[in-house]
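>>> I'd like to go over a predicted model; first the sequence, then the structure.
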Amino acid sequence: MASNEEQYVIRGGKRLEGEVVIAGAKNAALGILAAAVMTDDKVTIENVPYVSDTRTLLKAIENIGASVKYLDKHTVEICGKGIREGQPVDDEYIRRIRASYYLIGALLGKHKYANVALPGGCDIGSRPIDLHIKGFEKLGAKTEIVSGGSIIAQAEELHGAHIYLDTVSVGATINIMMAAALSPGKTTIENAAKEPHIVDVANFLNTMGANIKGAGTDVIRVRGVDKLHGAEYSIIPDQIEAGTFMAMTVATRGNVLIKNVIPKHLEAISSKLVEMGAHVIEYDDSVRVMADGILKSTHIKTLPYPGFPTDMQAQMAAILALADGTSIVTESIFENRFRYVAELARMGAKIRVEGNSAIITGIKKYNGATLKASDLRAGAALVIAALSANGVSTIQDIQYIKRGYEDFDEKVSSLGGMMKLAKTEQDVQRNKLEMASNL
């Protein structure tokens with residue numbers, strides 16, 4: 001098997017117990033790694049999640065002339081001094097990930113010119129970059145999308161501006177904030193996204209000498225500075241990885257201490273799990289999740305932060321399918337986010353999709369099946385379902401899952417879950433036999 005043919009083999013029915021340490025936030029890391037090239041000084045970033053998305057972005061940064069050095073598995077030193085002005089960012093790496101667009105804001109701010117291939121990543125509906133373009137143009141740049149799917153943004157001079165985002169967009173908020181950090185004058189971004197990773201990128205830029213206020217509210221004010229300098233910074237924990245392990249614990253009726261988290265970032269997830277009958281105890285930098293007995297149905301609607309995160313929608317649907325009664329999950333951020341429903345149905349779930357809502361009627365138990373991940377969070381939902389199912393499941397196309405979860409199989413195994421990474425078809429068959437014999 002090639003690496004994209006790797007599979008997870010999972011035997012369900014084991015309660016997860018113990019403790020797990022959450023990695024740095026993937027979504028914060030992608031913005032911060034791009035922003036690190038905005039100075040010619042060395043920048044050291046700690047708590048970088050070791051996942052395929054961050055490694056891909058670092059490869060792309062290296063390919064345009066930056067130096068990138070892993071000091072250890074989770075610490076990266078970046079120096080953007082060698083980046084060649086006018087160098088297009090286009091290679092096999094960059095088109096694989098959506099966050100490649102952060103290099104537009106970073107390079108436009110630094111060099112007044114960016115030529116970046118348009119992104120790939122998970123296919124979960126249209127995520128147009130028109131809001132990014134609108135912001136760059138307000139700051140004084142001219143933009144064009146050229147054949148082959150690249151965007152060029154350039155300016156004689158950038159300047160501060162008043163920018164109103166028509167819809168709340170995490171990507172546009174981060175991208176405009178980066179370019180504005182090196183645009184003379186005052187920039188105001190209204191209807192800005194408020195996610196924790198926006199605060200983290202703003203804090204990182206400020207550590208480098210930027211002047212950004214209001215991140216975490218819907219109005220961000222940036223006063224442009226002449227240049228940014230080197231810094232050391234540690235990325236916040238990943239709220240979605242934490243939420244995924246919380247959901248997994250509830251699905252298996254387990255008892256897990258989830259460490260290296262910011263409990264405030266998890267409030268929307270915690271409150272829904274408590275509504276379902278789970279127990280969540282918050283500590284300073286960890287949460288304990290416990291569940292036993294019958295899960296209760298509830299309704300969820302995804303909303304921009306501090307609402308319920310769209311990136312946790314699939315994982316919650318996987319456990320609501322095991323809850324007593326009928327639940328409704330409404331997706332208000334992205335279309336195409338219910339593609340996992342057909343896979344859960346193969347395991348016995350009763351879910352029907354109407355427009356942007358999934359109506360879920362609880363069942364007692366999933367049955368193991370052969371499954372395919374369609375995107376990152378859908379893949380995580382299938383892992384949750386498989387861990388709570390009768391029998392053995394295999395999950396294909398796990399390259400999506402590896403984009404956002406570090407050492408996923410090892411972390412689950414450390415909690416007592418039976419989950420193996422199979423690199424060949426022989427591995428798959430051997431693992432299935434081993435697990436079946438333990439039934």
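Received it, and whenever you're ready, just let me know what you need. Residues are numbered from 1 along each chain as shown.

>>> switch to C-alpha atoms for all contacts and neighbour counts from now on
Fine.

>>> Give me the neighbour count for Gly148.
For Gly148, the tally of surrounding residues (other CA atoms under 10 Å) stands at 9.

>>> same deal with Gln396?
When neighbours are counted by other CA under 10 Å, Gln396 registers 20.

>>> tell me the contacts of it?
Applying CA atoms under 8 Å, 6 or more residues apart in numbering to Gln396 gives the contacts 5-8, 370-373.

>>> Among these, which are located in strands?
Among those, the ones falling in strands (DSSP state E) are 7-8, 370-372.

>>> Neighbour-wise, which one of those residues leads?
Most surrounded of the ones in strands among the contacts of Gln396: other CA under 10 Å gives Gln7, at 25 neighbours.

>>> dump the residue contacts of it.
For Gln7, the contacting residues are 394-398, 421-423, 428, by CA under 8 Å, 6+ apart.

>>> Settle this for me: Asp41 is touching Cys79, isn't it.
Yes - here Asp41 reaches Cys79: they are 5.8 Å apart, a contact under CA atoms under 8 Å.

>>> what sits against Val412?
Val412 touches 16, 418-419, counting by CA under 8 Å, 6+ apart.

>>> Gly24 now?
Shown in contact with Gly24 (CA under 8 Å, 6+ apart): 47-49, 235-238.

>>> if I look at it, how far off is Ile32?
Noted for Gly24: a distance of 12 Å to Ile32, by CA to CA, to the nearest Å.

>>> same deal with Ser100?
Ser100 is 12 Å from Ile32, by CA to CA.

>>> List the residues that contact the residue nearest to His279 when sequence neighbours are not counted.
Nearest non-adjacent residue to His279, counting by CA to CA, 6 or more residues apart in numbering: Met290, 5.1 Å away. Shown in contact with Met290 (CA under 8 Å, 6+ apart): 249-250, 253-256, 278-280.

>>> Beta-bridge partners for Met290, please?
Asn255, His279 (DSSP bridges).

>>> Check the gap between it and Lys364 for me.
19 Å.

>>> repeat for Thr330
Distance, Thr330 to Lys364, using CA to CA: 23 Å.

>>> Neighbour count: the two, which is higher?
Neighbours per residue, other CA under 10 Å: of Thr330 and Lys364, the larger number sits with Thr330, 20 against 12.

>>> For the more buried one, give the beta-bridge partners.
Applying DSSP bridges to Thr330 yields these beta-bridge partners: Lys301, Ser357.

>>> ok, now Thr394?
Thr394 has the following beta-bridge partners by DSSP bridges: Val9, Thr370.

>>> contacting residues for it?
Thr394 makes contacts with 7-10, 369-371, 428, as judged by CA under 8 Å, 6+ apart.

>>> which one is Tyr340 nearest to, not counting chain neighbours?
Leaving aside its chain neighbours, Tyr340 sits nearest to Ala378 (5.4 Å; criterion: CA to CA, 6+ apart).

>>> Among the contacts of Val412, which ones are in strands?
Reading strands off the contacts of Val412 with DSSP E, I get 418-419.

>>> how about the contacts of Val412 in a markdown table, adding pLDDT and distance to Asp200?
What follows is the contacts of Val412, written out as a markdown table (pLDDT from 0 to 100; distance: CA to CA, whole Å):
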| residue | pLDDT | distance to Asp200 |
| --- | --- | --- |
| Leu16 | 98 | 31 |
| Met418 | 97 | 35 |
| Met419 | 98 | 33 |
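
>>> between the contacts of Val412, which is closest to Glu343?
Nearest to Glu343 out of the contacts of Val412 is Met419 (CA to CA; 18.3 Å).

>>> Confirm for me that that closest one is in contact with Tyr8.
Yes - if you go by CA under 8 Å, Met419 and Tyr8 touch, sitting 6.6 Å apart.

>>> Give the residues shared as contacts by these two.
Common neighbours of Met419 and Tyr8 (CA under 8 Å, 6+ apart) are Asp409.

>>> would you list every one of the helices in the stretch 101-250 of the chain?
Secondary structure of the stretch 101-250 of the chain (DSSP state H, counting those that start in this stretch): helices at 102-111, 130-138, 170-181, 196-207, 239-251.

>>> So for the first one, what gets flagged as buried?
Going back to what we said before, that points to helix 102-111. For helix 102-111, the neighbour count (16 or more other CA atoms under 10 Å) marks 102-111 as buried.

>>> what helices or strands is that helix leaning on?
helix 26-35, strand 113-117, strand 150-154, helix 170-181 (3 or more CA pairs under 8 Å, 6 or more residues apart in numbering; DSSP states H and E).

>>> picking up where we left off before, now the contacts of Gln396 as TSV including pLDDT and distance to His132?
What follows is these, written out as TSV (pLDDT from 0 to 100; distance: CA to CA, whole Å):
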residue	pLDDT	distance to His132
Glu5	87	35
Glu6	96	36
Gln7	98	36
Tyr8	98	37
Thr370	97	40
Leu371	98	36
Lys372	97	33
Ala373	97	29
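
>>> Nearest to Glu410 among those residues?
Ranked by distance to Glu410 (CA to CA), the contacts of Gln396 are led by Tyr8 at 11.3 Å.

>>> With neighbour numbers in mind, choose between Asp41 and Cys79.
Taking neighbours as other CA under 10 Å, Asp41 and Cys79 compare with Cys79 leading, 23 against 17.

>>> so the more buried one bridges to which residues?
Lys42, Ser67.

>>> Quote the end-to-end distance of stretch 58-69.
Termini of stretch 58-69 sit 9 Å apart (CA to CA).

>>> I should have written stretch 38-47 there, sorry.
Taking CA to CA, stretch 38-47 runs 20 Å from one end to the other.

>>> do the same with stretch 395-402
This stretch, stretch 395-402, spans 12 Å end to end (CA to CA).

>>> what would the contacts of Gly24 look like in a markdown table with distance to Ile294 and neighbour count?
Shown next, in a markdown table, are those (distance: CA to CA, whole Å; neighbours: other CA atoms under 10 Å):
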| residue | distance to Ile294 | neighbour count |
| --- | --- | --- |
| Asn47 | 37 | 21 |
| Val48 | 38 | 27 |
| Pro49 | 35 | 28 |
| Ile235 | 37 | 23 |
| Ile236 | 34 | 25 |
| Pro237 | 31 | 27 |
| Asp238 | 29 | 26 |
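
>>> Thanks again, I'm all set now.
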